[in-house]
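In: fold the following and give me the result.
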Amino acid sequence: MAGSLEGFVGRFGAGKTLLMTWRAYKAQGNYDELWSNYTLVPEFFPKVELHKFTTGDEFFAMIRNALDRVDGRPGGIRRLLVIDEIHSLFDARAWAQLPLEALTPLSQLRKAGLTILYTSQHESQVEKRIRNYTNFMWLCRSWGRDFNILRDAPLVFWATAYDNFEFRRPGAEKLGSVVFRVSKKKARLYDTFEVVERMSMEGLGTNALGPDSG
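Out: Next up, the predicted model:
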């Protein structure tokens, strides 16, 4: 997981955000900072420093910070970034307006100390450059209903991981799978009813790389 870019796709209610957040919860001890565009509950993440970005400027400031320490030497701040509904962060058209250099950290995640997880209902909603940098794609599904734990929550979730470039191809090799039931603890890791809002791209075409870019 460390230094990778992973996507979680599936229909509404398939457990994408739940699985992504659970993986972040289990891996928190391996990182110094955990960044998200949705609200994580601090009491469940005591081993890592939580940050929430709500604007495009904050997002790219973090990316620039990671880029600044890419110097070929080990160490530095280890960051885990979880993005819910990445297509709502910026749509594919908006991402395409960014200069190529703005996404450079995605090709150097290990050196930049970054691990990125994201969700989307379908991979086609994700900007092409993001998809090409993605290492693994998780196809998420759910079955049944449990009205006692979380309002009308699916009873069982399962997800299968594939190589990004083999994803959805007939006979694609499965790289891993997970099956789990929703629980009160999992349901409390984050605000399940929070609406992820689209971020403004205003000014980011020139500011994405910082004041010294260009």
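
In: CA only for contacts and neighbour counts going forward, please
Out: Noted.

In: now for whichever strand or helix holds Leu19, which elements pack on it?
Out: Using DSSP states H and E, the secondary-structure element containing Leu19 is helix 16-27. Contact here means 3 or more Cα pairs under 8 Å, 6 or more residues apart in numbering; DSSP states H and E; on that basis helix 16-27 packs against strand 5-9, strand 79-83, strand 114-120, helix 184-187.

In: could you pull out the strands for the protein?
Out: Across the chain, reading from the start of the chain, the strands by DSSP state E fall at 5-9, 33-36, 49-52, 79-83, 114-120, 136-143, 156-163, 174-181.

In: find me the pLDDT at Ala153, would you?
Out: On pLDDT, Ala153 comes in at 57.

In: next, count neighbours for the nearest residue to His51 once chain neighbours are set aside.
Out: Leaving aside its sequence neighbours, His51 sits nearest to Trp35 (Cα to Cα, 6 or more residues apart in numbering; 4.7 Å). By the other Cα atoms under 10 Å criterion, the neighbourhood of Trp35 contains 21 residues.

In: for Glu194, same thing?
Out: Taking other Cα under 10 Å as the criterion, the count of residues near Glu194 is 9.

In: one step back: quick one: closest of the strands of the chain to Gln108.
Out: Proximity to Gln108 (Cα to Cα) singles out strand 114-120 among the strands of the chain, at 8.3 Å.

In: parallel or antiparallel, list what pairs with the closest one.
Out: Taking DSSP bridges as the criterion, strand 114-120 pairs within the sheet with strand 5-9 (parallel), strand 79-83 (parallel).

In: as a markdown table, the strands of the chain with mean pLDDT and distance to Asn65 would be great.
Out: Output for the strands of the chain, formatted as a markdown table (pLDDT from 0 to 100; distance: least, Cα to Cα, whole Å):
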| stretch | mean pLDDT | distance to Asn65 |
| --- | --- | --- |
| strand 5-9 | 94 | 18 |
| strand 33-36 | 94 | 12 |
| strand 49-52 | 94 | 14 |
| strand 79-83 | 94 | 11 |
| strand 114-120 | 93 | 11 |
| strand 136-143 | 90 | 25 |
| strand 156-163 | 90 | 29 |
| strand 174-181 | 89 | 32 |
